[in-house]
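Undergrad: model this:
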Amino acid sequence: MTISLFALLIIVMALLFDFLNGFHDAANSIATIVVTRTLSPAQAVLMAGAANFVGYFVFGVAIANMVGKGIIDSQAVTLTILFPALIGAVLWNILTWLLGLPTSSSHALIGGLVGSGFAAAGTKVILFKGLFKVFLFIFLAPAIGMAGAIVVTMLVILIARNMNRRKTNARFKKLQLVAAVFSSIGHGTNDAQKTMGIIALTLLASGVNKEFHIDTWVALACQSAIALGTIFGGWRIVKTMGTNITKIGPMEGFCSSVSAAVVMIGTAHFGIPVSTTHVIAGSIMGVGTVERAHCVRWVTARRIVWAWFLTIPFTALVSAVCYGVISLFY
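TA: Predicted coordinates for the structure are as follows:
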């Protein structure tokens, strides 16, 4: 079946969102290695962009299936629901990038789906079990990242307490690079798959596919878009993540990246669409809390947390309004 122009427009919009996701969230996996000068900014984004590809080939598409079938009823989805959902998510990404706020592109997309779906058909299309899981991990993901970082940092401090500081920093720079690679793999695995789910829904709603599944070309296109976005990078958010929460050195960067990578890869395995931004920000806060809680810039942290809570309501509202406008014409 030939794909309609409207469906093609939605796919292009989804890939634009995916690109902005990588652009917006580049700071997640590279902020600490850039701030500690383990890698130059150019080297860091190239590394992260390459690592973004690994997840699809290793961890499958559990998150794509969750976003495509677990938030709103895939059989009730129409193209007029998907397009405004993407508009809300893209606008939120651009706004928070301009403000330098590390918010969740994932939750922006989910909020857009919920708002547009509700405007179209009310609560009957919303799958509250899946939505509850997403809301639960708004709290759990950063908390687990923070707790993991606290444990890792305490262990590292205990092990390295009698080591030469200069030699220790040199070793942690190397270890931090390895941890950042795995963190980038977790980022790509989580975030690119959400767009895969949206494009698969588009193909289902337009009649191109008879059932929901992730085509290989969809997966490769989404991985490429997020990798390109990561390579272009979002330096406003790098500053917020790497310097405005707490002071980061090689050891702190290693500990936060290890904790974040474990959480992101673990949730990807179980198909739980968490925010990579929340996880890594929580991990950085955890490291700062162990070393010098009074040095954590809690004003910045509160600003970030408020943005987290506003993401889904804002994108849901914008997407619902956009649905009302679009449905007048299509």
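Undergrad: where do the helices sit along the protein?
TA: 5-35, 41-51, 54-59, 62-70, 79-99, 105-121, 128-160, 165-205, 216-232, 235-243, 250-269, 276-292, 298-326 (DSSP state H).
Undergrad: least confident of those helices, on average?
TA: Mean pLDDT is lowest for helix 235-243 among those, at a mean of 50.
Undergrad: stretch 218-225: which residues count as buried?
TA: Buried residues in stretch 218-225, defined by neighbour count with 16 or more other CB atoms under 10 Å: Val218, Ala219, Ala221, Cys222, Gln223, Ser224, Ala225. In short, each C-beta sits where N, CA and C put it, glycine included.
Undergrad: how about stretch 189-206?
TA: 189-206.
Undergrad: over to stretch 169-184?
TA: Across stretch 169-184, burial judged by 16+ other CB under 10 Å covers 169, 171-173, 175-177, 179-184.
Undergrad: now swap in stretch 132-148 and tell me
TA: Buried residues in stretch 132-148, defined by neighbour count with 16+ other CB under 10 Å: Lys133, Val134, Phe137, Ile138, Leu140, Ala141, Pro142, Ala143, Ile144, Gly145, Met146, Gly148.
Undergrad: same question, stretch 34-52
TA: By neighbour count on 16+ other CB under 10 Å, the buried set for stretch 34-52 is 34-36, 38-39, 44-52.
Undergrad: how about those in TSV, adding distance to Ser319?
TA: As requested, the buried residues of stretch 34-52 are arranged in TSV below (distance: CB to CB, whole Å):
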residue	distance to Ser319
Val34	33
Val35	35
Thr36	39
Thr38	39
Leu39	37
Ala44	33
Val45	30
Leu46	34
Met47	34
Ala48	29
Gly49	29
Ala50	33
Ala51	31
Asn52	26
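Undergrad: what's the closest of those to Phe329?
TA: Asn52 (36.4 Å; CB to CB).
Undergrad: OK, contacts around the closest residue to that closest one other than its chain neighbours?
TA: Using CB to CB, 6 or more residues apart in numbering and skipping residues adjacent in sequence, the residue nearest Asn52 is Gly188, 3.0 Å away. The neighbourhood of Gly188, defined by CB atoms under 8 Å, 6 or more residues apart in numbering, consists of Ala51, Asn52, Phe53, Val54, Gly55, Tyr56, Gln223, Ile226, Ala227, Thr230.
Undergrad: from Val34, how far out is Gly188?
TA: 18 Å (CB to CB, to the nearest Å).
Undergrad: same check on Gln176?
TA: From Gln176 to Val34 the distance is 11 Å (CB to CB).
Undergrad: same thing with Val77?
TA: For Val77, the distance to Val34 - CB to CB - is 39 Å.
Undergrad: neighbours of Leu131, how many?
TA: 17 (other CB atoms under 10 Å).
Undergrad: contacting residues for it?
TA: With CB under 8 Å, 6+ apart, Leu131 has these contacts: Ile71, Ile110, Val114.
Undergrad: what's the distance between the nearest residue to the last one once chain neighbours are set aside and Ile71?
TA: To tie it back to what came earlier, the one meant is Val114. Spatial nearest neighbour of Val114, excluding adjacent residues (CB to CB, 6+ apart): Ala316 at 5.1 Å. Applying CB to CB, the value for Ala316 to Ile71 is 12 Å.
Undergrad: more neighbours, those two?
TA: Ile71 (29 against 23).
Undergrad: quick one, phi/psi of that one?
TA: phi -100, psi -50 (degrees, to the nearest 10).
Undergrad: so who does it touch?
TA: Contacts of Ile71 (CB under 8 Å, 6+ apart): Ile110, Leu113, Val114, Ile126, Leu127, Gly130, Leu131, Val134.
Undergrad: now render these as a markdown table, adding distance to Val279.
TA: As requested, the contacts of Ile71 are exported to a markdown table (distance: CB to CB, whole Å):
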| residue | distance to Val279 |
| --- | --- |
| Ile110 | 16 |
| Leu113 | 21 |
| Val114 | 22 |
| Ile126 | 25 |
| Leu127 | 24 |
| Gly130 | 19 |
| Leu131 | 19 |
| Val134 | 14 |
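Undergrad: among those, who's most crowded?
TA: Leu113 leads these on contacts (other CB under 10 Å) with 33 neighbours.
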